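Chemist: coordinates for the following, if possible.
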Amino acid sequence: CYHEFQFSVFLILTVEKNYNMRKFFTLLFFVTVLFVVQNKIFGQAAPIFSENFESNWTSPNTLGSTGWTSNPTTPEDQVWHREDYTTGWTNGASGAYTPAGANATAHSARFHSYGAANGTTGEMTSPTLDFSCYAGQNILMSIYYRNASGSDNVRVEMSSNGGGSWLGLTLSGTNSGWTASLINFGNTFGTNNVLIRLRGTSDWGLTDMGIDEINVYAGFYSTTAGSYTWSVPAGITAINVAAFGGGGGGGSSNNTNTNGGSGGGGAAYANGNHTVVPSTLLYYRVGAGGNGGPASSTTAPTNGLPTWLNATGVNAAPATNVIGTLADFGKAGANNSTATPTNRGTAAASFGNIATTNGNNGAAGTANGGGNGGNSAAGAAGNITWQGTGGAGVNSGVSNPGVIPGGGGGGSNDNANSAGGAGAAGFIVVTYSFPKLATPTITTSPICSGNSVTVSGTSTEPNGTTITLYGNGLPIGTTTVTGGNWTFTGLSIAGGVVLT
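Modeler: So this is what the prediction gives:
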């Protein structure tokens, strides 16, 4: 991020006053719950915003240094609280949930559906956030949600213009624990007027809803198999890469009625930090899942493919963890096989300077049915721990595919007309953050108005860092740092202008 004394990026959009008439856009998102492990494994860049609700707060206006806002502020049953603060709620002891926080944390934000009337809503909105360093960058949010029963839901929204318009995704459905989601909000949130809003809608049911562990990152992800490129943004010199390979395909009966096929292997996980050069075109690939053994055929199932990113700008899979990150693929199961396969993706064949983890082997087929596909490795991306489950082997009917990321396909039963399940595609998440720049200092004093004014100062930033000078909030010139110093010359400055 170029350093400026103040940010003056404003996005003005038409405000729709009628909430029900406001147009919401469909977001690209990845909300399939693959597997959530209740411990923290940190393998991503630093978030640009984080709220874990662990501080000593009660209602939204006491959260954080400046507080969040509530709408409405009454009745109290429609106001979000920390999950253990029930003062003012009707039957506050009812509707509670355990564990109280996601990822083994102690607290969360709770909406009291047990007390709030059916169909009523409660909003909890963050203070204004400055994401202006990330203009044009893709923004991801990881978030945890829980709701044990009922039809109540929470809409998670972001605004880039102080609430003039919103983009959002509704979290709904029921679960017995915390459900993790990774949401892609796109590249329009690089402003200094960002808001985050939680909007709960009650069903007046038996259980309350919880939100926890909100983290916002700059970066991207993909679960679509294929080869891609990505240009490193200006100013970015380090990235984190988390990757899962593709899962192996499950075996068939090999066109016989003797034995089922064995399950495909689950993919490995790899995570690495890499130094990169701004504006360099990087190559990466999301590994495809393997094909299951076809029905009425002796054709063998196929392996998955690795997922990788080469951090040097070369279009080739990295051969070391210095060059890039690579997650090994699950291997195929076998047709007509009662032998236990050794077909998992392995840490030994993966590259990652933070972590590499083995996937899991598929299970053997039997005289009656197919073996289960192997689960992928468990690994972290975006403050969420993911694991793709292997497809279940079957005794009759259609074999089950693996689940993204990298679950192995299930084996078919012993019928000649049954096919093995496909392995699941891999997964890649790339995150990064701009370095924080120190505030420069104006050393010229006094500064007099005139048509040929010089303004100088100092900075601890490296040579070439851009400095922007503002007069009454409007940019009037740019220069760069040289040897810890910077200078503007020949400026026209009128009396009464405030320089920043």
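
Chemist: any idea how far apart the tips of stretch 296-303 sit?
Modeler: 20 Å (C-alpha to C-alpha, to the nearest Å).

Chemist: quick one: contacts of it?
Modeler: Contact with stretch 296-303 is made by 248-252, 254-255, 261, 264, 290-293, 329-335, 409, 416-417, 420, as judged by C-beta atoms under 8 Å, 6 or more residues apart in numbering. All C-beta spots, glycine's among them, are computed from the backbone N, C-alpha and C.

Chemist: tell me the buried residues in it?
Modeler: Buried residues in stretch 296-303, counted by 16 or more other C-beta atoms under 10 Å: 299-303.

Chemist: where does this protein have low pLDDT?
Modeler: Within the chain, the segments meeting pLDDT under 70 span 1-44, 435-438.

Chemist: that older thread, so which of the buried residues of stretch 296-303 comes closest to residue 430?
Modeler: Residue 430 has its nearest neighbour among the buried residues of stretch 296-303 in residue 303, at 24.6 Å by C-beta to C-beta.

Chemist: for the closest one, give its distance to residue 247.
Modeler: Applying C-beta to C-beta, to the nearest Å, the value for residue 303 to residue 247 is 9 Å.

Chemist: residues shared between the contacts of the two?
Modeler: Joint contacts of residue 303 and residue 247 (C-beta under 8 Å, 6+ apart) are 290, 329-330.

Chemist: the stretch 1-150 of the chain: strands as residue ranges?
Modeler: Assigned by DSSP state E, counting those that start in this stretch, the strands in the stretch 1-150 of the chain fall at 29-30, 49-51, 69-71, 81-82, 109-111, 121-125, 139-147.

Chemist: what lines up beside the third one in the sheet?
Modeler: When pairs are called by DSSP bridges, strand 69-71 turns out to pair with strand 121-125 (antiparallel).

Chemist: remind me, longest strand of this structure?
Modeler: strand 209-222 (DSSP state E).

Chemist: can you give the contact residues for whatever helix or strand comes next after it?
Modeler: Per DSSP states H and E, the first helix or strand lying C-terminal to strand 209-222 is strand 226-231. Strand 226-231 is contacted by residues 220, 222, 279-286, 288, 430 when judged by C-beta under 8 Å, 6+ apart.

Chemist: farthest-apart pair in the residues you listed, please.
Modeler: Every pair of those checked by C-beta to C-beta; the farthest is 279 and 288, at 29.6 Å.

Chemist: neighbour count winner among these two?
Modeler: The neighbour count for residue 279 versus residue 288, taken as other C-beta atoms under 10 Å, is higher for residue 288 (24 against 11).

Chemist: any idea how far the residue lying closest to that one once chain neighbours are set aside is from residue 404?
Modeler: Take residue 288 and drop its neighbours on the chain: the residue closest to it by C-beta to C-beta, 6 or more residues apart in numbering is residue 225, 3.7 Å away. For residue 225, the distance to residue 404 (C-beta to C-beta) stands at 10 Å.

Chemist: between those two, tell me which one has more neighbours.
Modeler: Here residue 225 and residue 404 are compared on neighbour count by other C-beta under 10 Å; more neighbours surround residue 404, at 23 against 17.

Chemist: helix or strand: which one has the residue nearest to the more buried one when sequence neighbours are not counted?
Modeler: Nearest residue to residue 404, sequence neighbours excluded (C-beta to C-beta, 6+ apart): residue 424, at 4.6 Å. Under DSSP H and E, no helix or strand contains residue 424.

Chemist: wait, residue 424 sits on residue 287?
Modeler: No. Applying C-beta atoms under 8 Å, one finds residue 424 not in contact with residue 287, separated by 9.8 Å.

Chemist: what's the overlap in contacts for these two?
Modeler: Common neighbours of residue 424 and residue 287 (C-beta under 8 Å, 6+ apart) are 246, 406.

Chemist: the more surrounded of those two?
Modeler: Taking neighbours as other C-beta under 10 Å, residue 424 and residue 287 compare with residue 424 leading, 37 against 33.

Chemist: OK, contacts around that one?
Modeler: Per C-beta under 8 Å, 6+ apart, neighbours of residue 424: 246-247, 289, 376, 388, 401-409.

Chemist: neighbour-wise, which one of those residues leads?
Modeler: Going by other C-beta under 10 Å, residue 408 tops those with 52 neighbours.

Chemist: roughly how far apart are it and residue 167?
Modeler: In terms of C-beta to C-beta, residue 408 sits 36 Å off from residue 167.

Chemist: quick check: bridge partners of residue 71?
Modeler: The partner residues for residue 71, given DSSP bridges, come to residue 123.

Chemist: for stretch 148-157, buried residues please.
Modeler: 148, 150, 152-157.

Chemist: hey, what's residue 269 bridged with?
Modeler: With DSSP bridges as the rule, residue 269 is bridged to residue 244, residue 357.

Chemist: enumerate every residue touching it.
Modeler: 242-244, 327, 350, 352, 355-357, 359, 376-379.

Chemist: tell me the one among those residues nearest to residue 394.
Modeler: residue 376 (20.2 Å).

Chemist: ok, that closest one touching residue 329?
Modeler: No. Contact criterion C-beta under 8 Å: residue 376 and residue 329 do not qualify, at 10.1 Å.

Chemist: common neighbours of those two, please.
Modeler: 245, 247, 267-268, 345, 406.

Chemist: adding secondary structure and distance to residue 104, write the contacts of residue 269 out as a markdown table.
Modeler: Shown next, in a markdown table, are those (DSSP: H, G, I helix; E, B strand; the rest coil; distance: C-beta to C-beta, whole Å):
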| residue | secondary structure | distance to residue 104 |
| --- | --- | --- |
| 242 | strand | 20 |
| 243 | strand | 25 |
| 244 | strand | 23 |
| 327 | strand | 26 |
| 350 | coil | 27 |
| 352 | coil | 24 |
| 355 | strand | 19 |
| 356 | strand | 24 |
| 357 | strand | 20 |
| 359 | coil | 24 |
| 376 | coil | 22 |
| 377 | coil | 20 |
| 378 | coil | 15 |
| 379 | strand | 17 |
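
Chemist: any idea how far residue 201 lies from residue 151?
Modeler: Distance, residue 201 to residue 151, by C-beta to C-beta: 9 Å.

Chemist: swap in residue 274?
Modeler: For residue 274, the distance to residue 151 - C-beta to C-beta - is 45 Å.

Chemist: what does residue 275 give?
Modeler: Residue 275 is 49 Å from residue 151, by C-beta to C-beta.

Chemist: one more: residue 383?
Modeler: 28 Å.

Chemist: same check on residue 60?
Modeler: The value you get for residue 60 to residue 151, if C-beta to C-beta is used, is 24 Å.

Chemist: still on that earlier bit, can I have the buried ones of the contacts of stretch 296-303 as a ChimeraX selection?
Modeler: What follows is the ChimeraX syntax for the buried subset of these, where burial is set by 16+ other C-beta under 10 Å:
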select :248,249,250,251,252,254,255,261,264,290,291,292,293,329,330,331,332,333,334,335,409,416,420
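
Chemist: now, which of the contacts of stretch 296-303 lie within helices?
Modeler: Among those, no member falls in helices (criterion: DSSP state H).

Chemist: next step: the contacts of stretch 296-303 restricted to strands.
Modeler: Using DSSP E, none of those sit in strands.

Chemist: check the offset of the one helix or strand residue 385 maps to from the chain's centre.
Modeler: For residue 385, the element it lies in under DSSP H and E is strand 384-386. Relative to its parent chain, strand 384-386 has a centroid offset of 10 Å by C-alpha atoms, centre = their mean, to the nearest Å.

Chemist: what's the answer for stretch 79-95, then?
Modeler: 30 Å.

Chemist: what residues sit buried inside it?
Modeler: 79-83, 86, 88-89, 92, 95.

Chemist: for residue 185, state which of those is nearest.
Modeler: Nearest member of the buried residues of stretch 79-95 to residue 185, counting by C-beta to C-beta, is residue 80, at 21.1 Å.
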